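S.K.: Prediction below, plus the sequence it came from.
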Amino acid sequence: MGYFRAIWNGISTAGKGLALTWRHLFRKTATVQYPEEQPYFSPYERGLHEFEPDRCIICELCAKACPVDCIYIEQVGRGKNATLTRFAIDYNKCLFCALCTDPCPVDCIHMGQQYDLSAFDRQKDVIIDFNKGEGPWRTALTSAEDGTGVRAHTDE
Amino acid sequence: MRAWLDGIVETTGLAPELVHAAGILAAAVMILLPIVGLAGMTVYLERRVAGRMQARIGPNRVGPQGLFQFIADALKLVGKEDVIPDPAAKVAFRLAPLIVFIGAFAPFAVIPFGYGVVAADMNIALFVVLGITSVEVVGIIMAGWASNSKWTMLGSMREVAQMVSYELPLGLAALSVVVLAGTLNLTTIAEQQTGGVWNWYVFRGPFAFVAFFIFATATLAGLKRAPFDLPEAESELVSGFHTEYTGFRFAAFFLGEYTAMILFSLFGTVLFLGGWDPGIPVALDAGIGRWVGVLVVFTKAFVLIFIMIWLRWSLPRYRIDKVMYLCYKVLLPWSVVCVVGAALQVLIGHSLGCGWLMGR
């Protein structure tokens, strides 16, 4: 490349680069301000399980389907008198494959949207008993709002 | 300033040395504090603009819109342990950040921020700016050598080669304005440009116009900013000459860098972009207008700073031989052409009796 041509080339390509970044200056940013803003997830997102103990017929098909055996079911009584005493999922093991949701005859277990999981105690907090009601997990947002810090942790 | 101090001496009867020393100290503090604040603002601006250009937000957590991020960063740096490497040359290691800091701050004494708003109105102000800023090179080679590490050594070597080389086109580009203006006094140079956009030195003929772009490029290289940030090339040299520095000493380098950015933007504003002239024929040399003039100067300077930031986040880094090629084979010959052309322009202006061509 000749001398003058090289100079012109340098100036014009610098101009092109500047024009590109100038356009980017006014574009929408891709950042999601996480604790305040939640990212979008598909309705098929495989987050923390949702479990409806009232509908469960204690058939244990979900526990049998689980490839890592992370669902623990305990019951009192037999047949029609059976009552669920524990429906726990060990999130140390769970791989969020959603294979437990497919065989359920009453559709009482499905995958939820909650994804921001963290806890302080491996044994106490990570094995969740859904039969006690809601899962004990809290999102980063709720813990930020009540001043317990951005890091999510569990209720008592 | 001096006359005012003499007035104080006369009315109060204090020792003149004392009053003058106090005046110097007051002027230094009055310049130093706002400039440190502005350097912090420049860091903030840089990070926000960089963020937008990369489709992210940038700091927005500390204070309104992240405005106090730089204060938090400075506090963090001050709180850090001051590490001096064992094999380092201790005295030079400690002295280097000071020299860089002084080299970046001292020239503010002669920069006119507005008509008469200048700490020392010298008749060789332009020379002082160019001279003192080149002291920075000494600090940098000291830092690089004293750290006793190959990254810092290579970084400072590159830096010095680059800065010393680019001082030539920088000085010659400034010289073409001096040829037009016929003075080295920055206040006078800025004063000659008042009265409208057409009086700014950038727009007075093709030579000053080209000289402005040479000046801008050489400034960019002299400030070791991208695309000329070879001395700090992260991918090759960790972070160049200040690799071994921590805490407050690093903060001094960092602050010096951004202060030099403001300094050269102000310098370019005064030389080429009309100083305190707002672009329309309005006199800003008395009363409140003087402070409006200060505002105008800083607005122009910040436009230049924005362009520097914009360039940094647009262009990839040069290779060292290309940097030298650009300096010695492109910028230097063309800046000589600008000086000679400006001289011819002054001659033509003289023979035609046209003050616009001569810079009066």
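M.R.: All right, it came through fine. Numbers count the residues shown, from 1 in each chain, chains lettered A, B, ... in the order given.
S.K.: just checking, what packs against the longest helix along chain A?
M.R.: Selection of the longest helix in chain A by residue count, based on DSSP state H, yields helix A:3-25. Applying 3 or more Cβ pairs under 8 Å, 6 or more residues apart in numbering or on different chains; DSSP states H and E, one finds that helix A:3-25 contacts helix B:16-53, helix B:288-312. Any C-beta I mention is one placed from the backbone N, CA and C, and that applies to glycine too.
S.K.: On the three-state scheme, the closest residue to residue A:129 other than its chain neighbours is what?
M.R.: Leaving out its chain neighbours, the residue that sits closest to residue A:129 by Cβ to Cβ, 6 or more residues apart in numbering or on different chains is residue A:88, at 4.5 Å. Here residue A:88 is strand, with the state taken from DSSP: H, G, I helix; E, B strand; the rest coil.
S.K.: Report the contact partners of residue B:201.
M.R.: For residue B:201, the contact set (Cβ atoms under 8 Å, 6 or more residues apart in numbering or on different chains) comprises B:177, B:180, B:181, B:189, B:193, B:208, B:212, B:271, B:272, B:274, B:359.
S.K.: Distance check, the second one against chain A.
M.R.: The gap separating residue B:180 from chain A is 24 Å, by Cβ to the nearest Cβ, to the nearest Å.
S.K.: ok, now the first one?
M.R.: Look at residue B:177 and chain A: by Cβ to the nearest Cβ, they are 22 Å apart.
S.K.: and what of the fifth one?
M.R.: Distance of residue B:193 to chain A, computed by Cβ to the nearest Cβ: 26 Å.
S.K.: which ones are touching that residue?
M.R.: Residue B:193 touches B:199, B:200, B:201, B:274, B:275, B:277, counting by Cβ under 8 Å, 6+ apart.
S.K.: Please convert the residues you listed to a markdown table, extending it with secondary structure.
M.R.: Converted to a markdown table, those look like this (three-state DSSP):
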| residue | secondary structure |
| --- | --- |
| B:199 | helix |
| B:200 | coil |
| B:201 | helix |
| B:274 | coil |
| B:275 | coil |
| B:277 | coil |
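S.K.: Quick one: which of those is the most crowded by neighbours?
M.R.: residue B:275 (29 neighbours; other Cβ atoms under 10 Å in any protein chain shown).
S.K.: Neighbours of the nearest residue to residue B:343 once chain neighbours are set aside, how many?
M.R.: Nearest non-adjacent residue to residue B:343, counting by Cβ to Cβ, 6+ apart: residue B:179, 5.2 Å away. Neighbourhood size, residue B:179 [other Cβ under 10 Å]: 22.
S.K.: Let me see the contact set for residue B:179.
M.R.: B:339, B:342, B:343, B:346.
S.K.: Got a PyMOL select line for the buried ones in the residues you listed?
M.R.: Those of these that count as buried under 16 or more other Cβ atoms under 10 Å in any protein chain shown are selected in PyMOL with:
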select buried, chain B and resi 339+342+346
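S.K.: Looking at the contacts of residue B:179, which are in helices?
M.R.: B:339, B:342, B:343, B:346.
S.K.: Chain A: helices as residue ranges?
M.R.: Going by DSSP H, chain A shows helices at A:3-25, A:61-65, A:122-126, A:140-145.
S.K.: Pipe the ones you listed into CSV and attach mean neighbour count and mean pLDDT per row.
M.R.: CSV is the format used below for these (neighbours: other Cβ atoms under 10 Å in any protein chain shown; pLDDT from 0 to 100):
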stretch, mean neighbour count, mean pLDDT
helix A:3-25, 12, 87
helix A:61-65, 16, 89
helix A:122-126, 13, 69
helix A:140-145, 16, 45
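S.K.: For the spatially closest residue to residue B:92 that is not a sequence neighbour, the count of nearby residues, please.
M.R.: Leaving aside its sequence neighbours, residue B:92 sits nearest to residue B:146 (Cβ to Cβ, 6+ apart; 3.7 Å). As a burial measure, residue B:146 scores 25 neighbours (other Cβ under 10 Å).
S.K.: again with residue B:254
M.R.: The burial count for residue B:254: 19, using other Cβ under 10 Å.
S.K.: For residue B:9, report the pLDDT, please.
M.R.: Residue B:9 carries a pLDDT value of 71.
S.K.: isn't it right up against residue B:17?
M.R.: No - at 9.6 Å, residue B:9 and residue B:17 do not qualify as touching, with contact defined as Cβ atoms under 8 Å.
S.K.: who's more crowded, those two?
M.R.: Counted by other Cβ under 10 Å, residue B:9 and residue B:17 do not tie: residue B:9 has more neighbours, with 16 against 9.
S.K.: Pull the number of nearby residues for residue B:354.
M.R.: 12.
S.K.: just to revisit the earlier point, closest one of the contacts of residue B:179 to chain A?
M.R.: residue B:339 (18.7 Å; Cβ to the nearest Cβ).
S.K.: what's the nearest residue to the closest one if we skip its chain neighbours?
M.R.: residue B:176 (4.7 Å).
S.K.: Residue B:172 too?
M.R.: residue B:335 (3.7 Å).
S.K.: Please apply the same query to residue A:33.
M.R.: Using Cβ to Cβ, 6+ apart, the nearest residue to residue A:33 is residue B:57, at 7.6 Å.
S.K.: now residue A:63
M.R.: Using Cβ to Cβ, 6+ apart, the closest residue to residue A:63 is residue A:71 (4.2 Å).
S.K.: What of residue B:67?
M.R.: Per Cβ to Cβ, 6+ apart, closest to residue B:67 is residue B:44, 6.5 Å.
S.K.: List the contacts of the one you found.
M.R.: B:59, B:66, B:67, B:69, B:70.
S.K.: Filter the residues you listed down to the ones in helices?
M.R.: Short answer: those in helices (DSSP H) are B:69, B:70.
S.K.: Counting neighbours, which of the contacts of residue B:44 comes out on top?
M.R.: In the contacts of residue B:44, the most neighbours by other Cβ under 10 Å go to residue B:70, 24 neighbours.
S.K.: Now that one: closest residue in space that isn't a chain neighbour?
M.R.: That would be residue B:40: by Cβ to Cβ, 6+ apart, it lies 3.8 Å from residue B:70.
S.K.: what about the closest residue to residue B:171 other than its chain neighbours, how many neighbours?
M.R.: Spatial nearest neighbour of residue B:171, chain neighbours left out: residue B:130 (5.7 Å); criterion: Cβ to Cβ, 6+ apart. Residue B:130 has 18 neighbouring residues, counting by other Cβ under 10 Å.
S.K.: same for the strand or helix carrying residue B:130, what does it pack against?
M.R.: Residue B:130 belongs to helix B:125-133 when assigned by DSSP states H and E. Here helix B:125-133 touches helix B:90-105, helix B:150-181, helix B:186-192, helix B:247-271, going by 3+ Cβ pairs under 8 Å, 6+ apart.
S.K.: contacting residues around that helix?
M.R.: By Cβ under 8 Å, 6+ apart, helix B:125-133 touches B:103-104, B:106-107, B:109-112, B:122, B:167, B:170-171, B:174, B:178, B:184-187, B:189, B:222, B:260, B:263-264, B:267, B:271.
S.K.: Apply 7 Å and report the result again.
M.R.: B:103, B:106-107, B:110, B:122, B:171, B:174, B:178, B:184-186, B:260, B:267 (Cβ atoms under 7 Å, 6 or more residues apart in numbering or on different chains).
S.K.: Now do the phi/psi pair for the most centrally placed residue in chain A.
M.R.: Computing the C-alpha centroid of chain A and ranking residues by Cα atoms, centre = their mean puts residue A:115 first, at 1.7 Å. Main-chain dihedrals, residue A:115, degrees, to the nearest 10: phi -130, psi -20.
S.K.: likewise residue B:111?
M.R.: On the backbone of residue B:111 - angles per degrees, to the nearest 10 - the values are phi -80, psi 120.
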